[in-house]
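**Q** Okay, predicted coordinates and the sequence, questions at the end:
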Amino acid sequence: MKFAGLEMKNPIVIASGPVTATIDQLKEAEKNGAAAVSIKQVMTRQSFRGNLRAYSVPEEVIIFPIDKRLDVEEGLALTRQAKEQTSLVVMVNLSSQEKDIEEYGRLAKRFEDVGADAIEINMCCPNFSLSKRQLGMDITEEDIETGAITGQNPKLAGEIVKVIKDYVKIPVIPKLTPTALDIGAVAEGCVRNGADGLSLVGGPSLAAPPVDIYNGGLPLYPLMDPGAFGAINGSAIRYATFKVTGQVAQRVSVPLVSSGGIDTWEHAIQMMMWGASAVSMCTSIMWRGFEVVDRIRKGMEQFLEAQGYHSYDEIVGLSLKHISSSDHLGLRPGYAQIDPAKCRNCGICTKPGHCNAVVQEQHYCRVIPERCLGCSVCVGLCPTRAITMVEAQE
Ligand SMILES: Cc1cc2nc3c(=O)[nH]c(=O)nc-3n(C[C@H](O)[C@H](O)[C@H](O)COP(=O)(O)O)c2cc1C
Ligand code: SF4
Ligand code: SF4
């Protein structure tokens, strides 16, 4: 398959992060079937010297305010090694901290010269000055206005793309942030200036971790005090990333690679149906190792074959035709129905605070169709899966 002009054996890209910072990790990615990697963010100046710190709950969320970036020399060495020692498509996730915007171009060119296959411009990381701005702190000359700050400004984002396009021939793929007021406008700004594809979305926004209520409200970040708001990733952002993917897919026609809570092959297929041509994951690999990639790849291939699709292209954006604005919904009248044979009369479905449609009889519960709103909340509550939604007969 092709993605943004890149020849890829499948649509799986390992997302930039602590799982793409060493050559051993990239080899693991290849061994487990990934087609491409985006190496850990390269910066012209280091803002973080410390290592990764995070609040993490597997299958739920990771919130991290710090993860060490690669220096330019480290990034160049890793790119060289990746091209010599693997057959992966290598994207370089980078951003410049210099006032002269041309530095983006010069930096990108250095990576093209050592064999990088694509440049993924980091316009997404919220852990730089966006974090300070959100806390109402002063921005000084020393502060690095990069990452999500650039991704909030359609004009600046477009200018950065244009500068890099002037320096390199390889595909340029900005990685955007949903903290932008209108990510669609930023996407359009990038595409107008030559972006070959778009990457969605790293560390969508800043989140605060839970706090220790028995210890003076200390944020639950191990080995850190004070902490900071941190980028939120993992399962918690899956549905938001489906939305952003669908949103951007409606606005531009370049291919999209989307990351955000992809833990299973089903999530990956859904992301593609929302408009992504390629899928990407980081947190699930942090939780479960690179075997996740192998499982996702195999599951996706089996799905395609079992469903009679001939290529991934056939599923990209399938869901888009089923979405509209809330004032254009096509509501079909209907109600919940309880199968008495499956109901064990536990009464859970009588609890929803917004509903008075369910009555408890002697041996089972029953829905009064005229009172049912059709919301489907009870369906997921039933432990025996006795409830289904049915359409009202004319
Ligand atoms: C600890 C950590 C570090 C990350 N570092 C980067 C980075 O350097 N550059 C980048 O573009 N995205 C970075 N990301 C974002 C991921 O590439 C990815 O877009 C995001 O985490 C959503 O995917 P996921 O839910 O599969 O993790 C990082 C994510 C995590 C969790
Ligand atoms: S939740 Fe399910 S099993 Fe329990 S009473 Fe309702 S329908 Fe029956
Ligand atoms: S679908 Fe909604 S309104 Fe109808 S019975 Fe279930 S919870 Fe009540």
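**A** Good, I have the coordinates. Ligands and ions are numbered 1, 2, ... in the order given.

**Q** Now do the contacts for the closest residue to Leu381 other than its chain neighbours.
**A** Of all residues not flanking Leu381 in the chain, Ile348 sits nearest, at 5.2 Å (Cβ to Cβ, 6 or more residues apart in numbering). Just so you know, the C-beta spots here come from the backbone N, C-alpha and C atoms, and that holds for glycine as well. With contact set as Cβ atoms under 8 Å, 6 or more residues apart in numbering, Ile348 has these partners: 381-383.

**Q** By mean pLDDT, which helix or strand of this structure comes out lowest?
**A** helix 129-134 (a mean of 79; mean pLDDT, DSSP states H and E).

**Q** in that one, what counts as buried?
**A** 129-133 (16 or more other Cβ atoms under 10 Å).

**Q** Run through the residues of the protein sitting next to ligand 1.
**A** Within the chain, the positions adjacent to ligand 1 are 15-18, 40-41, 52, 62, 64, 67, 93, 122, 124-125, 175, 202-203, 233-234, 237, 259-262, 281-284 by Cβ under 6 Å from any ligand atom.

**Q** any idea of the mean pLDDT in the longest helix seen in the chain?
**A** Scanning the chain for the longest helix, with DSSP state H as the assignment, gives helix 291-306. Mean pLDDT, helix 291-306: 98.

**Q** same deal with stretch 343-356?
**A** So the average pLDDT for stretch 343-356 ends up being 98.

**Q** is any part of it close to ligand 3?
**A** Yes - using Cβ under 6 Å from any ligand atom, stretch 343-356 reaches ligand 3 at 352, 355.

**Q** Return the alpha-carbon coordinates of that stretch using PDB.
**A** C-alpha atoms of stretch 343-356 as PDB (Å, rounded to 0.1, in the frame of the first residue of the first chain):
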ATOM      1  CA  CYS A 343     -33.700 -11.900  32.500                       C
ATOM      2  CA  ARG A 344     -32.900 -12.900  36.000                       C
ATOM      3  CA  ASN A 345     -34.900 -10.100  37.600                       C
ATOM      4  CA  CYS A 346     -31.900  -8.400  39.200                       C
ATOM      5  CA  GLY A 347     -33.600  -5.000  38.900                       C
ATOM      6  CA  ILE A 348     -30.500  -3.200  37.600                       C
ATOM      7  CA  CYS A 349     -32.300  -1.900  34.600                       C
ATOM      8  CA  THR A 350     -34.900  -0.200  36.800                       C
ATOM      9  CA  LYS A 351     -32.200   2.100  38.300                       C
ATOM     10  CA  PRO A 352     -31.300   4.700  35.600                       C
ATOM     11  CA  GLY A 353     -32.200   8.100  37.000                       C
ATOM     12  CA  HIS A 354     -33.600   9.500  33.800                       C
ATOM     13  CA  CYS A 355     -35.900   6.600  33.000                       C
ATOM     14  CA  ASN A 356     -39.300   5.400  34.300                       C
END
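
**Q** Wondering if that stretch reaches ligand 2 at all.
**A** Yes - using Cβ under 6 Å from any ligand atom, we find that stretch 343-356 touches ligand 2 at 343-349.

**Q** follow-up on the earlier one: show me what the least confident helix or strand of the chain is packed against.
**A** strand 206-207 (3 or more Cβ pairs under 8 Å, 6 or more residues apart in numbering; DSSP states H and E).

**Q** Parallel or antiparallel, list what pairs with the strand it packs on.
**A** strand 230-233 (antiparallel) (DSSP bridges).

**Q** I'd like to know the average pLDDT value across the helix or strand just after the strand it pairs with.
**A** Using DSSP states H and E, the helix or strand that follows strand 230-233 towards the C-terminus is helix 238-251. Averaging pLDDT along helix 238-251 gives 96.

**Q** partners of Gly334 in the sheet?
**A** Applying DSSP bridges, one finds that Gly334 bridges with Glu391.

**Q** And for Cys365, the neighbour number?
**A** 22 (other Cβ atoms under 10 Å).

**Q** for Ala157, same thing?
**A** Neighbour count of Ala157, defined by other Cβ under 10 Å: 26.

**Q** swap in Ser235?
**A** 20.

**Q** Give the full set of residues in contact with it.
**A** 59-61, 261, 263, 283 are the contacts of Ser235 under Cβ under 8 Å, 6+ apart.
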